[in-house]
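Q: Quick one, fold the following:
(one chain, ligands or ions: 1)
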Amino acid sequence: MAASELAPDWLAYPGDVNALRPAEWAAGVDRARDGELTVQGLPVTALAKEFGTPLFVLDEDDFRARARGFKEAFDEAFAPLCGGVDVYYAGKAFLSIEVARWVTEEGLRLDTCSGGELAVARRAGVPPRNLGLHGNNKSVAEIEAALELGIGRIVVDSLDELGRVAAVAARLGRTAPVMLRLTPGVHAHTHEFIATAHEDQKFGLSLAAGAADDAAAGEGAPAGGAGGAGTGADGSAPPSWGPFDASPAAAAVARALADPALELLGVHCHIGSQIFEAEGFNLAAERLIGFLAAVRAHHGVELGELDLGGGYGIAYTAEDAPRPPAELAASMADVVRAATARHGLAVPRISIEPGRAIAGPSTFTLYEAGVRKTVTVDTDSGTARRRYVSVDGGMSDNARPVLYDADYTAVLASRVTDAEPIISRVVGKHCESGDIVVRNVYLPEDVAAGDLLAVPATGAYCWALSSNYNYLGRPAVVAVRGGAARTIIRRETEDDLLARDMGA
Ligand code: LLP
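A: Numbering: from 1, shown residues only. You can find the predicted model right below:
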């Protein structure tokens, strides 16, 4: 057989259909001598038997190593500049009480984005000063909970919210430590729904003059452009920078500095997610440092903290080539060094917020294959066959293909085979034709009901986005450490599914 016309350009016909590409798998994953997939030596058939399928299998050592790896790489690159970096693990990627403890043990802090995530952190005993709270519409109750806990920072997203935080802090007789989330006008190369620093989306305070109706009017006295020239990461023109005090970002700084209930720590940006090029991160850093210089010129204050967000891409398929944290850190440190020197600023304390790059590759999803079907499809040169393999989960445990057109790969996990590869689509069991787990993958022709399939890189935004669609219970998550597996989140039962239904 040969390559299928139905395969996308990036998908090569496999030389060995049983091979694992290391970039896609946790470090502890391998094939045993008999060919079965193992994690830290544990065969997947044993895991499926003990814990059932679908199952999230998380290599805890891999997760911890990636967390530590970010901390060490960024500390090393920034040590000469500002002593080190605070790495906030973005809990939205995947959070449980154990995970909150692991990141704390590995020297990271924790970024939460709701009262629920904050509750997990609290239950895990994360020191409150190590916590951040994000979100574009935090409720009064969430702000209260954060302040009463003694949270390290609240990242404020809008002028409205700044007022809300100040009012709650004043009422509680506390000072709220705040960062301001700014949108530096960088449009990162990623899916539209996960790009977050361009102008026309809901997050953050714009650096552009007159960007919003509630920005303070610039009463003359321009203090220099906020971010300097340059183009967006996609080559588009930057927003037009106006007088410093005409942007929502500048208005927020003025309000925060003037309000005794607020302690303004610094500024923050997050340009998007699943990003590979350093340019977008670097451009955002330059613009924010330009903004810090304008703040100093205008207010005589040097803000001490700069958070450059998360967004580092990972390998889902052969198409993706992530860069190691050390490279990202070195290039970011160069930009921070040069930009602060150019403006004569002391280097602020830097923080970053990786989520996917820590959790994503640590985990694979184990499914049991069920029914198959093969279709014949018209192509430019005739017809081609495509195999559909249905598994026992689907869009309820991995919504990313449906939401973002995300690509994944899969392997036959319970055995190896000499069968020919056939272009296949792994689909779920939901009542939707769009319920696709892996859109394009060469699987062995002989994959059959009862085989186990493993889909790698499902540690971020899969369990976190999971649902009970069609009344499927959410899968368990098992963590493997020291060659032993234990449940960290149990599978939902039928009783769980019915527990909140108030019918008789
Ligand atoms: N910081 C902030 C303020 C964020 O909003 C996010 C992600 C992160 C950090 C972490 O980004 P990461 O390093 O994980 O890329 N559900 C989408 C991704 C949404 C990202 C939301 N914010 C997906 O599955 O691709």
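Q: what number of residues lie near the closest residue to the ligand within the stretch 1-150 of the chain?
A: Residue nearest to the ligand within the stretch 1-150 of the chain: residue 90 (3.4 Å; C-beta to the nearest ligand atom). Glycine gets a C-beta too; all of them are placed from N, C-alpha and C. By other C-beta atoms under 10 Å, 29 other residues sit near residue 90.
Q: same deal with residue 456?
A: Residue 456: 28 neighbours (other C-beta under 10 Å).
Q: Enumerate every residue touching it.
A: The contact partners of residue 456, by C-beta atoms under 8 Å, 6 or more residues apart in numbering, come to 24, 25, 26, 29, 316, 361, 364, 408, 409, 411.
Q: hmm, what's the outermost residue in this protein?
A: Centroid-distance maximum for the chain: residue 382 at 41.4 Å, with C-alpha atoms, centre = their mean.
Q: Distance check, that residue against the ligand.
A: According to C-beta to the nearest ligand atom, to the nearest Å, residue 382 stands 37 Å off from the ligand.
Q: Show the residue spans covered by the strands in the stretch 351-500 of the chain.
A: 363-379, 382-391, 411-412, 421-427, 436-444, 452-456, 476-481, 484-489 (DSSP state E, counting those that start in this stretch).
Q: Is there proximity between stretch 266-282 and the ligand?
A: Yes - legend: contact between stretch 266-282 and the ligand by C-beta under 6 Å from any ligand atom is shown at 270, 273, 274.
Q: Now that stretch: average pLDDT?
A: Mean per-residue pLDDT for stretch 266-282: 93.
Q: Quick check: residues of the stretch 401-504 of the chain near the ligand?
A: Counting by C-beta under 6 Å from any ligand atom, the residues of the stretch 401-504 of the chain that sit close to the ligand are 404, 460, 461.
Q: Out of these, list just those in helices.
A: residue 404 (DSSP state H).
Q: With respect to residue 38, which of the residues of the stretch 401-504 of the chain next to the ligand is nearest?
A: residue 460 (22.5 Å; C-beta to C-beta).
Q: Please name the residues that touch that closest one.
A: Residues near residue 460 by C-beta under 8 Å, 6+ apart: 93, 94, 314, 355, 356, 358, 359, 360.
Q: try 6 Å this time
A: 93, 94, 355, 356, 359, 360 (C-beta atoms under 6 Å, 6 or more residues apart in numbering).
Q: what residue ranges in the chain are flagged as low confidence?
A: 1, 188-197, 210-244 (pLDDT under 70).
Q: Tell me the residues on it that lie near the ligand, please.
A: 90, 92-93, 111, 134, 194, 270, 273-274, 309-312, 353-357, 400, 404, 460-461.
Q: Take those and keep only those in helices.
A: Counting by DSSP H, the part of the residues of the chain next to the ligand found in helices is 356, 357, 400, 404.
Q: with the residues you listed in mind, which one is nearest to the ligand?
A: The ligand has its nearest neighbour among those in residue 356, at 3.5 Å by C-beta to the nearest ligand atom.
Q: Help me confirm that the closest one comes into contact with residue 92.
A: No - using C-beta atoms under 6 Å as the test, residue 356 is too far from residue 92 to be in contact (9.6 Å).
Q: okay, those two: which has more neighbours?
A: residue 356 (26 against 23).
Q: now residue 343: how far from residue 336?
A: 11 Å (C-beta to C-beta, to the nearest Å).
Q: same deal with residue 70?
A: With C-beta to C-beta as the criterion, residue 70 and residue 336 are 16 Å apart.
Q: Residue 42 now?
A: For residue 42, the distance to residue 336 equals 43 Å [C-beta to C-beta].
Q: quick one, which of the two is more surrounded?
A: Counted by other C-beta under 10 Å, residue 42 and residue 336 do not tie: residue 336 has more neighbours, with 25 against 19.
Q: ok, and that one, which helix or strand is that part of?
A: helix 325-343 (DSSP states H and E).
Q: List the buried residues in that helix.
A: Within helix 325-343, the residues scored as buried using 16 or more other C-beta atoms under 10 Å are 325, 328-333, 335-337, 339-340, 343.
Q: which residue ranges form the helices in this structure?
A: Under DSSP H, the chain gives helices at 44-51, 60-82, 97-105, 115-124, 140-149, 159-172, 248-258, 278-299, 325-343, 356-359, 400-404, 494-498.
Q: in the stretch 151-300 of the chain, what residue is nearest the ligand?
A: Nearest residue of the stretch 151-300 of the chain to the ligand: residue 273, at 3.3 Å (C-beta to the nearest ligand atom).
Q: returning to what we had before: any idea of the angle the helix holding residue 336 forms with helix 278-299?
A: Put simply, helix 325-343 runs at 30 degrees to helix 278-299, going by axes from the mean of the first three to the mean of the last three C-alpha atoms, to 10 degrees.
Q: got the contact list for the nearest residue to residue 459 once chain neighbours are set aside?
A: Excluding its sequence neighbours, the residue lying closest to residue 459 (C-beta to C-beta, 6 or more residues apart in numbering) is residue 363, at 3.1 Å. Neighbouring residues of residue 363 by C-beta under 6 Å, 6+ apart: 56, 58, 458, 459.
Q: mind redoing it with 7 Å?
A: Taking C-beta atoms under 7 Å, 6 or more residues apart in numbering as the criterion, residue 363 is in contact with 26, 56, 57, 58, 458, 459.
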